[in-house]
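**Student:** no FASTA, just this:
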């Protein structure tokens, strides 16, 4: 079977945006087509990664609106929702559409418009993904993060400071990302002294509420060569689910969806964690970067925190993680985040990451929905 | 490339159900696995067709919940939304997952829980898919249906009674469908004397608000043979989009999405409309059955109404349409409807349609989202 390539990518400014979801999606979609030099006429399938345009904005049917706005009619369209990992799921749908032969040119646009709602309202919409038995106890995703962070620190003898260092690292990386919501460094004291949200986690352990959109253009490798000699190949991609009820997991410091989805992706790419040169992990909460870096096989269980302490995951370290700034500083517009992760890996493997560029032939993006409820792992390689 | 087969199908009772979306999805999903004799362990991908569980019920993340409830973890899951054609889009996603090699066993479950909301509330959620410029004028989908029906009757000199005969035919078919919401005949006078909703359309020209779920199990043909010697093959499938703004269409009596999606499906199947033995069309409003029967190429433009008048589309006619009772009598739980359409065609081509059985080697399902905004056409053949 022919390999699937990515030949263009874009992302809008992330942050508080004076634009509705339709406008955000159209902005990223158009920029992606422009980046690849592809006409909207050529688009055969158009997927939109979005969790909750209906709940946030009272507007549904956004893929149809986007096809219209981009002049991509009669391209087939659908919305892919996997809550906070809708972007990764969209990448999987786009890959499948090309790999199955259904489409020779698939545009994926992920986006979310959230900041017009209060943080409490937005958190409640997100919490609607949890199991009712937990939701009714008032458990939202930040609560799970606090409980898991406490368990992790206790179990693996990790210092509280190590979590703070994830925030410091990712904010530092975000300074060089012109699309990031926060383009400024924070020091460790600021993180450790910020207000408690879910003990032991504090404000700077959390990603913000964000508006934004990102896009990618997929096609068979033979078609890619007609447009460019510098593209990325999706060499591995896989998805998996973990329990809906978080308290049913035997070890809440292990994310089964990360383990299982990455196994599928590694097998497909015929690569292992030791081959990965750069990675974007889903640091919706600082603790998640530790868990994923271990469950992806980058570090031994319980040792992810040491890698951060020792600078291994810094931009100039052995395995740079979240060169984009991560969700932590870049922001987390739900449906856009997974697409923006693959955007960063694409830019790294095609050598267009500018001041964030690291040496990378192989990159990996891990997009996590819920509290590890559903996960997609994508591996890209330069051509 | 190996062909994709369907080896199992199920649908729940449609109607007013005392069950939440999670329960409806699990009921259909389990019944489908039982129908095929497949263990949940074997499921690799699990797609949920659903438009608005968040808006209707405050519950998102339902694919993850379903994977949990069916004991199908760690199967990959995602939600596919294409508004009222989410079911057809789910079938396309499921087909792509198998055809691409990503999954060897894909379960698709479509469902919606609506009747706990008032008709006005439900209609408003559905209307949120329309373009804001039309929505703000108070235009909902029934309004479009009324305007289009008037135009069709005027343009093609069709009698008002012909629309009513669609309702009479589909109600008659529904009598033999034990899952249908309305299992009773209606006579033409009842239809024509029912209360006006959107002139010239009356109450019996509209499908009801419905709760329900339906499911299908997809795998490569070689895997199908391990389970059964009587399965269906997806010989053609395609999707297309029309303008988001309905008033931008040059001829509102033609549904471009139906034309374009069926062309893709016919090409793939190497078949034409003359080869179709039975069809399920999206009769959310009676007028839509005329439009689709013409835009699929079954009848000349402006002559679909004559086929109904002449009994061509009756169960014992030359081309039976909506043997299931259609959305009109079976009901229209948004995310379930497209899946239930393919369920009926599957039952027909494998010879398991019981009292509704017609002679059929080739069947077609046309699922329409919005007012023709996005359409998926699926063609099945017996093996």
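**Tutor:** Alright, I've got the coordinates. These numbers come from a predicted model, not from an experiment.
**Student:** C-alpha from now on. contacts and neighbour counts both.
**Tutor:** OK.
**Student:** beta partners for residue A:77?
**Tutor:** residue A:46 (DSSP bridges).
**Student:** mind listing what it touches?
**Tutor:** Applying C-alpha atoms under 8 Å, 6 or more residues apart in numbering or on different chains, we find residue A:77 in contact with A:45-48, A:63-64, A:67, B:82, B:239-241, B:374.
**Student:** Next: residue A:202.
**Tutor:** Applying C-alpha under 8 Å, 6+ apart, we find residue A:202 in contact with A:191-196.
**Student:** any idea where the strands of chain A begin and end?
**Tutor:** A:4-11, A:45-49, A:76-81, A:106-112, A:196-198, A:201-202, A:212-220, A:232-241, A:278-280, A:362-369, A:374-382 (DSSP state E).
**Student:** out of those strands, deepest packed?
**Tutor:** strand A:106-112 (a mean of 33; mean count of other C-alpha atoms under 10 Å in any protein chain shown).
**Student:** is that one up against chain B anywhere?
**Tutor:** No - judged by C-alpha under 8 Å from any C-alpha of the partner chain, strand A:106-112 stays clear of chain B, getting no closer than 13.1 Å.
**Student:** Strand partners (parallel or antiparallel) of that strand?
**Tutor:** strand A:45-49 (parallel), strand A:212-220 (antiparallel).
**Student:** May I see the buried residues of stretch A:15-31?
**Tutor:** Using 16 or more other C-alpha atoms under 10 Å in any protein chain shown as the test for burial, stretch A:15-31 gives A:15-17, A:20-31.
**Student:** if you average pLDDT over stretch A:279-294, what comes out?
**Tutor:** Over the span of stretch A:279-294, the pLDDT mean works out to 98.
**Student:** Excluding chain neighbours, what is closest to the most centrally placed residue in chain A?
**Tutor:** Of all residues in chain A, the one closest to the mean position by C-alpha atoms, centre = their mean is residue A:338, 2.8 Å from it. Closest residue in space to residue A:338, ignoring its immediate chain neighbours: residue A:87 at 3.8 Å, by C-alpha to C-alpha, 6 or more residues apart in numbering or on different chains.
**Student:** One more: residue A:288?
**Tutor:** Nearest-residue entry for residue A:288: residue A:282, 6.7 Å, with adjacent residues in sequence omitted and distances by C-alpha to C-alpha, 6+ apart.
**Student:** Could I get the contacting residues of the one you found?
**Tutor:** Contact analysis of residue A:282 by C-alpha under 8 Å, 6+ apart lists A:288-289, A:292, A:326-327, A:366-368.
**Student:** Same list (those residues) but as CSV, adding distance to residue B:276.
**Tutor:** As requested, the contacts of residue A:282 are arranged in CSV below (distance: C-alpha to C-alpha, whole Å):
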residue, distance to residue B:276
A:288, 53
A:289, 54
A:292, 51
A:326, 52
A:327, 51
A:366, 45
A:367, 43
A:368, 44
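**Student:** and which of those is nearest residue B:298?
**Tutor:** Closest approach to residue B:298 among the contacts of residue A:282 (C-alpha to C-alpha): residue A:367, at 45.4 Å.
**Student:** Got the confidence number for that closest one?
**Tutor:** So, for residue A:367, pLDDT stands at 98.
**Student:** now it, which residues is it bridged with?
**Tutor:** residue A:376.
**Student:** Could I get the contacting residues of it?
**Tutor:** Counted by C-alpha under 8 Å, 6+ apart, residue A:367 has contacts A:84-85, A:87-88, A:281-282, A:337-338, A:341, A:375-377.
**Student:** What of residue A:98?
**Tutor:** Taking C-alpha under 8 Å, 6+ apart, one finds A:4, A:104-106, A:218-220, B:100 in contact with residue A:98.
**Student:** if we go to 10 Å?
**Tutor:** Contact analysis of residue A:98 by C-alpha atoms under 10 Å, 6 or more residues apart in numbering or on different chains lists A:2-5, A:44-45, A:104-106, A:218-221, B:96, B:100.
**Student:** and the residue nearest to residue A:131 when sequence neighbours are not counted, what is it in contact with?
**Tutor:** Using C-alpha to C-alpha, 6+ apart and skipping residues adjacent in sequence, the residue nearest residue A:131 is residue A:245, 5.7 Å away. Each residue near residue A:245 by C-alpha under 10 Å, 6+ apart is listed here: A:130-135, A:371, A:373, B:64-65, B:68.
**Student:** Which two among these are spaced furthest apart?
**Tutor:** A:135 and B:68 (16.3 Å).
**Student:** who touches the lowest-mean-pLDDT helix or strand in chain A?
**Tutor:** In chain A, no helix or strand scores lower on mean pLDDT, DSSP states H and E than helix A:132-135, which sits at a mean of 84. Outside helix A:132-135, the residues that touch it by C-alpha under 10 Å, 6+ apart are A:124, A:127-129, A:138-141, A:244-247, B:59.
**Student:** Among those, name the buried ones.
**Tutor:** Here, 16+ other C-alpha under 10 Å leaves A:124, A:127-129, A:140-141, A:244-246, B:59 buried among those.
**Student:** distance of the residue lying closest to residue A:300 once chain neighbours are set aside from residue A:273?
**Tutor:** Nearest non-adjacent residue to residue A:300, counting by C-alpha to C-alpha, 6+ apart: residue A:294, 5.8 Å away. Distance of residue A:294 to residue A:273, given as C-alpha to C-alpha, to the nearest Å: 10 Å.
**Student:** likewise residue A:320?
**Tutor:** Taking C-alpha to C-alpha, one finds residue A:320 at 13 Å from residue A:273.
**Student:** Comparing these two, which residue is more hemmed in?
**Tutor:** Higher neighbour count among residue A:320 and residue A:273: residue A:320, with 22 against 15, using other C-alpha atoms under 10 Å in any protein chain shown.
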